[in-house]
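Student: Below is the sequence, then the predicted model.
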Amino acid sequence: MERSKKNGERKQRMRLNSMCIRCLVDKQQGRIAGFADEEKKTAYMKEIAKIIGESGDEASSAYLVYLFNQVYRRYFGETKDYTGIKKEYNAYVLEMEDDLYEKILGAEDPLAQSVVYARIGNYIDFGAMQNVEKDVFLKLFEDEGKNRLDRTVYEEFLQDCREGKRFLLLTDNCGEIVLDKLFLRELKKRFPHLDICVMVKGEEVLNDATMEDAEETGVCGVAKVIPNGNGVAGTVEEMLSEEGLEALEQADIILAKGQANFETLSGCGRNIYYSFLCKCDWFSGRFGVERNTGMFIREKEGRKEKC
C-alpha cells in the first residue's frame, strides 16, 4: 500500500553507514557470545551479514534489528525479556516524579524545563547503551552544558503549537515515559486547544515503552495513548497500524523521542521535532557534541542544531 506523505516529496533519509554496520555486527556477536554451538553461531552471523548486505539505501538500524530478531528466534529462541528492567526503571523515575515536577513548576519557563527533563530520560536506553547507570542518569539533571535548549528551534516549536490543532508524541523508553508525562502536563497547560495523542510501541522491543508502561506510569490519564502496531524501535511508516498511520498523518506537530525515531523518520517531510541524547559515536560525531548531549532539532527545514 502506498503511504501518503503530508508535506510533499520525501527528502533524503538518514542512510546506514559504516559505523552503524560495525555497531550492528558487534552487538549481534555480543548477544550470542554465551552460546556454545559455534556452528550455529557462525550460521547466525552469516544470515546477519546477508541481511545487511542486501539492505536498501534507506534501511535503518532499527528496522534491521527487527529483522535480526526474527533470525535470532529461529536459532536461539526468544530474545531477552526486558519486563523486569522496565518495571524497575518506571518505578525508579516515578519515585523522582514529584521532586522533578516541583523543579519544573519553579522554572522560569516550565514547559522548556519539562522538554529538557523529558529529553534526559532518553538516557534510559538498553539498546543504544552498553550500560545504563543510575548515577550517570542523575548527574545529567545537573549538567547544564548538555541540557541547553536551542531557543530558535524552541520558539518555532511554540509557534507551531499555537497555530496547530493536533499534536503527536512518539515515545521511546520506559522510565523516560514518566518524564514525558510531565512534559505533556505542561504542554496541555500552555496550549489547552491542542488535541494530544501519544504513540507507544505495539509490541515488546528492548526497553521501549508500550501500552502497559503508559498505563503503569499514568500517561493514559494525561493524554490519549495508542499503540503503533509493531515492534520496531523507531517509527517505520509502512509498518504502522491504520490507527497509527492516521495519527501520524493528521498531526500538525510531531515530537519524536530517541535516536531510532530520528533514524527511521528523518527526511520524511513531516513537521517533526526530534528530542534525544547522542548516545553513540555516530550521533556524537554527526552533531559535533559529547556523548549524552541533548538535541532538540526540527525536521521541516532540515535543521541539525545542538541544544
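Tutor: In hand now; what should we look at?
Student: Which pLDDT value does the model give the residue positioned nearest the centre of the chain?
Tutor: Central residue of the chain (C-alpha atoms, centre = their mean): Gly258, 2.7 Å from the mean position. Here, the pLDDT recorded for Gly258 equals 97.
Student: State the number of residues packed around the residue nearest to it when sequence neighbours are not counted.
Tutor: Excluding the flanking residues, the one nearest Gly258 by C-beta to C-beta, 6 or more residues apart in numbering is Asp172, at 3.4 Å. C-beta: built from backbone N, CA, C; applies to glycine. Using other C-beta atoms under 10 Å, Asp172 is surrounded by 31 other residues.
Student: Surely Asp172 is in contact with Lys257?
Tutor: Yes: using C-beta atoms under 8 Å, Asp172 is in contact with Lys257, at 4.1 Å.
Student: so Gly269 is in which element?
Tutor: Using DSSP states H and E, Gly269 falls within no helix or strand.
Student: Roughly how far does it sit from Glu237?
Tutor: 11 Å (C-beta to C-beta, to the nearest Å).
Student: pLDDT score for Asp213?
Tutor: Looking at Asp213, its pLDDT stands at 98.
Student: Contacts only, for the nearest residue in space to Trp282 that is not next to it in sequence.
Tutor: Distances taken as C-beta to C-beta, 6+ apart put Met19 closest to Trp282, at 4.5 Å, once the chain neighbours are dropped. Applying C-beta atoms under 8 Å, 6 or more residues apart in numbering, we find Met19 in contact with 281-282, 285.
Student: Just the buried positions in the one helix or strand Met19 maps to, please.
Tutor: Per DSSP H and E: Met19 is located in helix 18-32. Under the neighbour-count criterion of 16 or more other C-beta atoms under 10 Å, helix 18-32 has 20-21, 23-24, 27-28, 31-32 buried.
Student: can you give me the helices for this protein?
Tutor: Under the criterion DSSP state H, helices of the chain are mapped to 18-32, 38-53, 61-76, 83-105, 110-120, 134-140, 151-163, 176-190, 211-217, 242-250, 259-265, 281-287.
Student: Please determine how far Lys146 is located from Ala260.
Tutor: Distance from Lys146 to Ala260, by C-beta to C-beta: 20 Å.
Student: which residues touch the closest residue to Asp180 other than its chain neighbours?
Tutor: Leaving aside its sequence neighbours, Asp180 sits nearest to Ala118 (C-beta to C-beta, 6+ apart; 5.1 Å). Contacts for Ala118 (C-beta under 8 Å, 6+ apart) come out as 176, 179-180, 182-183, 257, 275.
Student: so how far is Cys197 from Ala118?
Tutor: With C-beta to C-beta as the criterion, Ala118 and Cys197 are 16 Å apart.
Student: care to break the chain down by domain?
Tutor: Domain ranges of the chain: 18-76, 83-298, per automatic domain parsing.
Student: Can you say which of these is packed in most?
Tutor: domain 83-298 (a mean of 19; mean count of other C-beta atoms under 10 Å).
Student: follow-up on the earlier one: quick check: the residue nearest to Asp180 vs Tyr72, distance?
Tutor: 31 Å.
Student: next one: Lys188
Tutor: 41 Å.
Student: tell me the pLDDT at the closest residue to Ala260 other than its chain neighbours?
Tutor: With C-beta to C-beta, 6+ apart as the criterion, Ala260 has its nearest non-adjacent residue at 3.4 Å, and that residue is Gly234. Turning to Gly234, the model gives it a pLDDT of 94.
Student: one step back: could you list every residue that touches the residue nearest to Gly258?
Tutor: Taking C-beta under 8 Å, 6+ apart as the test, what Asp172 contacts is 122, 125, 208-209, 257-258, 260-261, 276.
Student: Val200 against Lys224, yeah?
Tutor: No: between Val200 and Lys224 there is no contact under C-beta under 8 Å: 11.3 Å.
Student: Now do the shared contacts for the two.
Tutor: With C-beta under 8 Å, 6+ apart as the test, Val200 and Lys224 reach no residue in common.
Student: rewinding a little: CSV for the contacts of Ala118, including distance to Ser60?
Tutor: Output for the contacts of Ala118, formatted as CSV (distance: C-beta to C-beta, whole Å):
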residue, distance to Ser60
Glu176, 20
Leu179, 25
Asp180, 22
Leu182, 29
Phe183, 25
Lys257, 16
Ser275, 18
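Student: Nearest to Phe141 among these?
Tutor: The nearest member of those to Phe141, counting by C-beta to C-beta, is Leu179 at 10.2 Å.
Student: How much space separates the closest one from Lys201?
Tutor: 17 Å.
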